[in-house]
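A.B. asks: Sharing a model prediction with you, sequence too.
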Amino acid sequence: MTLRVDVLTLFPEAIAHYATTSVLGRASQRDVWALHVHDFRDATSDAHRTVDDTPFGGGAGMVLRAEPILDTLVAHPEIARPLIALTPSGRPFTHDVAKELSSLSGFSLLCGRYEGIDQRVLDLEVDDEISLGDYVLAGGELAALCVIEAVVRLLPGALGNDHSSADESFSDGLLEYPQYTKPAVVRDLEVPEILRSGDHARIERWRRAQALRRTLDRRPDLIARRGGLNGEETAILVEFALVDENRQNG
Ligand code: ADE
C-alpha cells in the first residue's frame, strides 16, 4: 500500500525538492509513498495574494490567515486525514509517533509560518499538532520534511532490501551501538578486537552492552521509561566490564 502524504505549505518547491532526493526520492519512485504538495497562496483571491495579517489584540509579527488554508481544504477534499499542523506547541515528535504515522494509509502536514496560524484553522480542521522540539523554527517546512523522512524510512521497501530500520537507535528504546568500517586502524585508533573476532553471538552481546552503556550515559530517561535495567541487561554490562560504580545508573 502506498502511503499518501499531503503537505500544505507556502514553499512547495522546498518540500518537493528534498522529497525527490535520496531515500525519499527512491522510495516514491518505488511507490512506497506518494507526495501531494498544496501551496495555500494559490487559494488567495486578492491582488497581493496575502496569506498573513496582523494579530487581533496586538503584538509583534504576523499570523497566517484562516481562509487560504480552509479554502485549500475545501478545493481538495482528497487531502489525506489526519491533518497534522507542525507547531512548537504540538506533541513532541518521537520514534513512536513516526511508527504510529507509518501505520496509516495517509496523513497531511500543515506548515505554519510567521507567528502562528489563526486558531480557527486548528479548531475547525486540524486533527493533531506535532512539534520537532523545544525551539522555534521560521516555519513548519523543515519539521514536515523531518516527519516525512522519519516515517517513510520505516515503511517496507523504503530502504531497499539489504537495509533495515529494525536494528537502529530507538527501535528497542535504546541508542545505537558504535559502528566501524575499514580500515581497522585510523590515527592509532583501532576497531575493537571483538568486532573482528567472527564470534557473532559475542558481537551481538557486545553491541547490546554498548547500546545500554551509551543510553545510560546519554539518555537515562530512556532507560527509566523501559523500567530500568533487567537482570540480563545488568549481566551483559558486567560481562563487558561496562558497569562503573561511580556512574549513577548501572
Ligand atoms: N514550526 C516552528 N517551530 C517548530 C517546531 N519546533 N516544531 C514543529 N514545527 C515548528
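C.D. replies: Noted; the coordinates are in hand.
A.B. asks: What are the buried residues along the longest strand along the chain?
C.D. replies: Identified as the longest strand of the chain according to DSSP state E is strand 83-92. Burial within strand 83-92, assessed by neighbour count using 16 or more other C-beta atoms under 10 Å, is assigned to Leu83, Ile84, Ala85, Leu86, Thr87, Pro88, Gly90. (Glycine included, C-beta is placed from N, CA and C.)
A.B. asks: Identify the residues contacting the fifth one.
C.D. replies: By C-beta atoms under 8 Å, 6 or more residues apart in numbering, the contact set of Thr87 is Gly112, Gly116, Ile117, Glu129, Ile130, Ser131, Gly140.
A.B. asks: Next one, pLDDT for it please.
C.D. replies: For Thr87, the pLDDT comes out at 97.
A.B. asks: by contact count, what packs against the longest helix seen in the chain?
C.D. replies: When the chain is parsed with DSSP state H, its longest helix is helix 200-218. The helices and strands touching helix 200-218, judged by 3 or more C-beta pairs under 8 Å, 6 or more residues apart in numbering; DSSP states H and E, are helix 220-225, helix 231-239.
A.B. asks: quick one: the following helix or strand past the longest strand of the chain near the ligand?
C.D. replies: Once strand 83-92 ends, the next helix or strand along the chain (criterion: DSSP states H and E) is helix 95-102. No. Helix 95-102 does not reach the ligand (C-beta under 6 Å from any ligand atom); its nearest approach is 12.0 Å.
A.B. asks: Show me what counts as buried in helix 95-102.
C.D. replies: Across helix 95-102, burial judged by 16+ other C-beta under 10 Å covers Val97, Ala98, Leu101, Ser102.
A.B. asks: any idea how far the ligand is from the second one?
C.D. replies: I take that to be Ala98. According to C-beta to the nearest ligand atom, to the nearest Å, Ala98 stands 14 Å off from the ligand.
A.B. asks: what's the answer for the third one, then?
C.D. replies: In this structure, Leu101 and the ligand are separated by 14 Å, where distance is defined by C-beta to the nearest ligand atom.
A.B. asks: How about Gly228?
C.D. replies: For Gly228, the distance to the ligand (C-beta to the nearest ligand atom) stands at 31 Å.
A.B. asks: can you pull the pLDDT of that residue?
C.D. replies: 96.
A.B. asks: What parts of this protein come near the ligand?
C.D. replies: Residues of the chain that fall close to the ligand, judged by C-beta under 6 Å from any ligand atom: Leu86, Thr87, Pro88, Gly112, Ser131, Leu132, Gly133, Tyr135, Val136, Leu137, Gly140, Ala143.
A.B. asks: which residues does the closest residue in space to the first one that isn't next to it in sequence contact?
C.D. replies: Think Leu86. Distance criterion C-beta to C-beta, 6 or more residues apart in numbering; nearest residue to Leu86, sequence neighbours excluded, is Gly140 at 3.2 Å. Gly140 makes contacts with Thr9, Ala85, Leu86, Thr87, Leu109, Leu110, Cys111, Gly112, Arg113, as judged by C-beta under 8 Å, 6+ apart.
A.B. asks: Quick one: these as JSON lines, columns for distance to Ile236 too.
C.D. replies: Converted to JSON lines, the contacts of Gly140 look like this (distance: C-beta to C-beta, whole Å):
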{"residue": "Thr9", "distance to Ile236": "46"}
{"residue": "Ala85", "distance to Ile236": "43"}
{"residue": "Leu86", "distance to Ile236": "39"}
{"residue": "Thr87", "distance to Ile236": "41"}
{"residue": "Leu109", "distance to Ile236": "40"}
{"residue": "Leu110", "distance to Ile236": "45"}
{"residue": "Cys111", "distance to Ile236": "44"}
{"residue": "Gly112", "distance to Ile236": "45"}
{"residue": "Arg113", "distance to Ile236": "48"}
